[in-house]
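J.: dropping a prediction and its sequence here:
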Amino acid sequence: MPKIFTFIGICFCVAILYGLDPVVSIEAGSLQKQGEILVQNRCSSCHGLERINRRTGQNLAFWERTVDRMKAKRHGLLNQEERLAVLMYLTNH
């Protein structure tokens with residue numbers, strides 16, 4: 001099966017699990033870029049990007065715990081779609 005179909009299937013499943021509209025028109029690169037912009041704009045409002053960059057290479061479970069902890073501290077920090085974009089960026093940069 002071509003990789004694009006696998007990716008679309010994964011995105012569809014993630015969208016359903018997170019209650020997002022199952023529209024998979026965003027390419028992985030643009031979602032990752034959106035995550036990068038969100039990290040630069042939202043995460044750096046409380047602490048510097050160097051703190052985030054020191055954690056490069058951490059797995060998805062680490063970043064889910066970290067992002068969810070930050071969301072709990074600042075309500076409205078990220079919606080579910082933004083959370084997904086941030087997680088994609090953090091686990092792949």
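T.: Arrived safely, thanks for sending.
J.: so who does the closest residue in space to residue 59 that isn't next to it in sequence touch?
T.: Nearest-residue entry for residue 59: residue 91, 6.9 Å, with adjacent residues in sequence omitted and distances by CB to CB, 6 or more residues apart in numbering. Any C-beta I mention is one placed from the backbone N, CA and C, and that applies to glycine too. For residue 91, the contacting residues are 58, 59, 60, 63, taking CB atoms under 8 Å, 6 or more residues apart in numbering as the criterion.
J.: how close does residue 91 get to residue 76?
T.: In this structure, residue 91 lies at 23 Å from residue 76, with CB to CB, to the nearest Å as the measure.
J.: hang on, the earlier thing: top of the contacts of residue 91 by number of neighbours, please.
T.: Ranked by the number of neighbours (other CB atoms under 10 Å), the contacts of residue 91 place residue 63 first, at 18 neighbours.
J.: in what helix or strand does that one lie?
T.: helix 60-73 (DSSP states H and E).
J.: list the buried ones in that helix?
T.: Within helix 60-73, the residues scored as buried using 16 or more other CB atoms under 10 Å are 63, 66, 67, 70, 71.
J.: report all helices and strands that it contacts.
T.: If contacts are counted by 3 or more CB pairs under 8 Å, 6 or more residues apart in numbering; DSSP states H and E, helix 60-73 sits against helix 80-92.
J.: could you dump the helix it packs on to PDB, C-alpha only?
T.: Output in PDB follows, covering the C-alpha atoms of helix 80-92 (Å, rounded to 0.1, in the frame of the first residue of the first chain):
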ATOM      1  CA  GLN A  80      -7.400  19.700  19.900                       C
ATOM      2  CA  GLU A  81      -6.300  20.300  16.300                       C
ATOM      3  CA  GLU A  82      -3.500  22.700  17.400                       C
ATOM      4  CA  ARG A  83      -2.400  20.100  20.000                       C
ATOM      5  CA  LEU A  84      -2.100  17.500  17.300                       C
ATOM      6  CA  ALA A  85       0.000  19.900  15.100                       C
ATOM      7  CA  VAL A  86       2.300  20.700  18.100                       C
ATOM      8  CA  LEU A  87       2.700  17.100  18.900                       C
ATOM      9  CA  MET A  88       3.600  16.200  15.300                       C
ATOM     10  CA  TYR A  89       6.200  19.000  15.300                       C
ATOM     11  CA  LEU A  90       7.700  18.200  18.600                       C
ATOM     12  CA  THR A  91       8.100  14.500  17.900                       C
ATOM     13  CA  ASN A  92       9.600  15.100  14.400                       C
END
